[in-house]
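Asks: next comes the sequence, and after it the predicted model I'd like to discuss.
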Amino acid sequence: MNLKKWMWTTITVQNDERGLLFRDGSYIKPLMPGTYRLSPFSKERVTILGVTKPFAVPGKDVRLFLHDSLLLEELDIVQVADHEYVLHYEDGNFAGLLTAGTYAFWNVLRKHEYIRVDTRAPELPDTIEASILPKLSAYYQVFEVASHETGALFYNNRMIRELAPGKYYFWKGPVSVQVQTVDLRQQQMDMTGQEIMTEDKVTLRLNFVCQYRIVDPLRVLQIKSFQEQLYIQLQLILREYVGSLKLDDLLKMKQEIAAYVLTRLNGKSEEYGVQFMSAGLKDIVLPGDIKDILNTVLLAEKKAQANLITRREEIASTRSLLNTAKLMDENQTLFRLKELEFLEKICDKIGSISLTGGGNLLEQLNSLLGEKTPGKGA
């Protein structure tokens, strides 16, 4: 009798465990907490599972146990389709994310909750708390729209809606998600060294700049190579304007180029979805030979202006002398004062003067000066 007892196999199932009885590898029934004895000669085996862990039997598919109604009373069976994710919570805390497949969890000691999401609607629902997002990083993608931007959301290359500044989360699933952003700040377009020919066949280079702001982002996204097309439009307008003027006219009217170009660009605003704020011609670069010619012309003009000013000064001086002479003829006192002024100037340059005889003072002084002039006889 003691020998028979010794040969029995004793199995103990704890309160936080459940046993699964197998015979010849096939599942028979569950074993509740307690002690069980199995004959070593029988083909029965017991697998012990902890109820605090997910239900999983090594080497067995969970679906092999779904026919047992007694076992199912203590299990939560969760089936996840290919287009779904299931967020699993235990006692209110996030436990993990379930992908496509069949899962079973013991419901004896812990309370389980499941949030099912359809990845065919890619955007993460607001019910998902931000605190668990780091644990889901392998299953979603994030897009950011800066404060100075607007975004456009596309599902499978089809635009869904416009996005305001913020951060957006989307499941990695069957739907392809793209977000394109557009900068709404004032931007600048520079045209440097653009070669353009004038009406009189002079090739020059222009440096031009304009500022603009996007007002219709969705329209901009519909234009392929938006920046390039905007640049070409500016180029064509400049060519049209410069090509209709001769070089001399262009240099005289260069201040009007900016106003003309800005008006023409704003005529295209609705077409491109932008508002042009300002435009300006930075400089005109002339060919070397044309520059030399213009410098020569400028120098000649300045010399002519200088000669004209000199002649005007000479004429004014002569008129002043003529007016003085007329006054002296009409007024003897003024004539005497002029004599004294003339004598004062002579005295500043001569040490002493001796005068003899009578006669006009100026005549005697002129005679003295004539005698002292070098190269004349006494």
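Replies: Sure, I can see it. Residues are numbered from 1 along each chain as shown.

Asks: quick one: mean pLDDT for stretch 85-105?
Replies: Taken as a whole, stretch 85-105 carries a mean pLDDT of 94.

Asks: low-confidence regions, this protein specifically.
Replies: In the predicted model, the chain carries pLDDT under 70 at residues 1-7, 287-304, 306, 331, 334-336, 338-340, 342-378.

Asks: can you list the domain ranges for it.
Replies: 2-118, 140-182, 187-291, 306-348 (automatic domain parsing).

Asks: show me where the stretch 51-200 of the chain has its strands.
Replies: Taking DSSP state E, counting those that start in this stretch, the strands of the stretch 51-200 of the chain run over residues 75-80, 84-90, 93-98, 101-106, 112-118, 140-145, 149-155, 158-163, 166-171, 177-183, 187-197.

Asks: pull out the buried positions in the third one.
Replies: I take that to be strand 93-98. Buried residues in strand 93-98, defined by neighbour count with 16 or more other CB atoms under 10 Å: 94, 95, 97, 98. The way it works is simple: take the backbone N, C-alpha and C, and place the C-beta from them, glycine included.

Asks: nearest to residue 199 among those residues?
Replies: residue 97 (71.9 Å; CB to CB).

Asks: quick revisit: let me have the domains of the chain in JSON lines, extended by distance to residue 124.
Replies: Formatted as JSON lines, the domains of the chain follow (distance: least, CB to CB, whole Å):
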{"stretch": "domain 2-118", "distance to residue 124": "8"}
{"stretch": "domain 140-182", "distance to residue 124": "4"}
{"stretch": "domain 187-291", "distance to residue 124": "24"}
{"stretch": "domain 306-348", "distance to residue 124": "81"}
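
Asks: look up phi and psi at residue 147.
Replies: Per-residue torsions, residue 147: phi -60, psi -30 (degrees, to the nearest 10).

Asks: and it, what does it touch?
Replies: Each residue near residue 147 by CB atoms under 8 Å, 6 or more residues apart in numbering is listed here: residue 165.

Asks: for the remainder of this discussion, apply numbering that starts at 47.
Replies: Done: numbering now begins at 47, and the last item shifts to residue 193.

Asks: distance of it from residue 223?
Replies: 22 Å (CB to CB, to the nearest Å).

Asks: ditto for residue 217
Replies: 8 Å.

Asks: who touches both of those two?
Replies: residue 168.

Asks: tell me which of the two has more neighbours.
Replies: Between residue 217 and residue 223, residue 217 has the larger neighbour count (other CB atoms under 10 Å), namely 23 against 19.

Asks: how about the most centrally placed residue in the chain: what's its closest non-neighbour residue?
Replies: The structure's the chain has its C-alpha centroid closest to residue 229; by CA atoms, centre = their mean the separation is 5.6 Å. Distance criterion CB to CB, 6 or more residues apart in numbering; nearest residue to residue 229, sequence neighbours excluded, is residue 195 at 5.7 Å.

Asks: in contact with the one you found, which residues are there?
Replies: 211, 227, 228, 229, 230.

Asks: for those residues, give me TSV that also has distance to residue 368.
Replies: Output for the contacts of residue 195, formatted as TSV (distance: CB to CB, whole Å):
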residue	distance to residue 368
211	84
227	83
228	79
229	76
230	76
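
Asks: how close does residue 56 get to residue 81?
Replies: For residue 56 relative to residue 81 (CB to CB), the value is 6 Å.

Asks: residue 189 bridge partners, please.
Replies: residue 214 (DSSP bridges).

Asks: could you do residue 149 as well?
Replies: residue 124.

Asks: ok, the one 10 residues further on next?
Replies: According to DSSP bridges, the residues that bridge with residue 159 are residue 135.

Asks: what sits against it?
Replies: Neighbours of residue 159 in contact, by CB under 8 Å, 6+ apart: 134, 135, 138.

Asks: now those: which count as buried?
Replies: Buried, going by 16+ other CB under 10 Å: 134, 135, out of the contacts of residue 159.

Asks: my read is that residue 186 contacts residue 214, right?
Replies: No - judged on CB atoms under 8 Å, residue 186 makes no contact with residue 214 at a distance of 10.0 Å.

Asks: redo the strands of the stretch 97-246 of the chain as CSV? Include distance to residue 283.
Replies: CSV is the format used below for those (distance: least, CB to CB, whole Å):
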stretch, distance to residue 283
strand 121-126, 60
strand 130-136, 54
strand 139-144, 57
strand 147-152, 63
strand 158-164, 52
strand 186-191, 33
strand 195-201, 28
strand 204-209, 31
strand 212-217, 38
strand 223-229, 24
strand 233-243, 11
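
Asks: any idea which of those gets closest to residue 302?
Replies: strand 233-243 (15.7 Å).

Asks: right, and the strands of the stretch 97-246 of the chain - which one's nearest residue 292?
Replies: For those, proximity to residue 292 was assessed by CB to CB; strand 233-243 is nearest, at 11.2 Å.

Asks: what residues sit buried inside the closest one?
Replies: So for strand 233-243, counting by 16+ other CB under 10 Å, buried means 235, 237, 240, 242.

Asks: got a markdown table for those, with distance to residue 312 too?
Replies: Listed next are the buried residues of strand 233-243 as a markdown table, based on distance: CB to CB, whole Å:
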| residue | distance to residue 312 |
| --- | --- |
| 235 | 14 |
| 237 | 17 |
| 240 | 20 |
| 242 | 21 |
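
Asks: and of these, the nearest to residue 371?
Replies: Nearest member of those to residue 371, counting by CB to CB, is residue 242, at 62.4 Å.

Asks: for the closest residue to that closest one other than its chain neighbours, give me its contacts.
Replies: Nearest residue to residue 242, sequence neighbours excluded (CB to CB, 6+ apart): residue 288, at 4.5 Å. When contacts are counted by CB under 8 Å, 6+ apart, residue 288 touches 242, 243, 244, 250, 252, 296, 303.

Asks: buried residues, the strand or helix carrying the fifth one. List them.
Replies: Right, residue 252. Element membership for residue 252 (DSSP states H and E) is strand 249-260. Neighbour counts over strand 249-260 (16+ other CB under 10 Å) mark 250, 252, 254, 255, 256, 258, 260 as buried.
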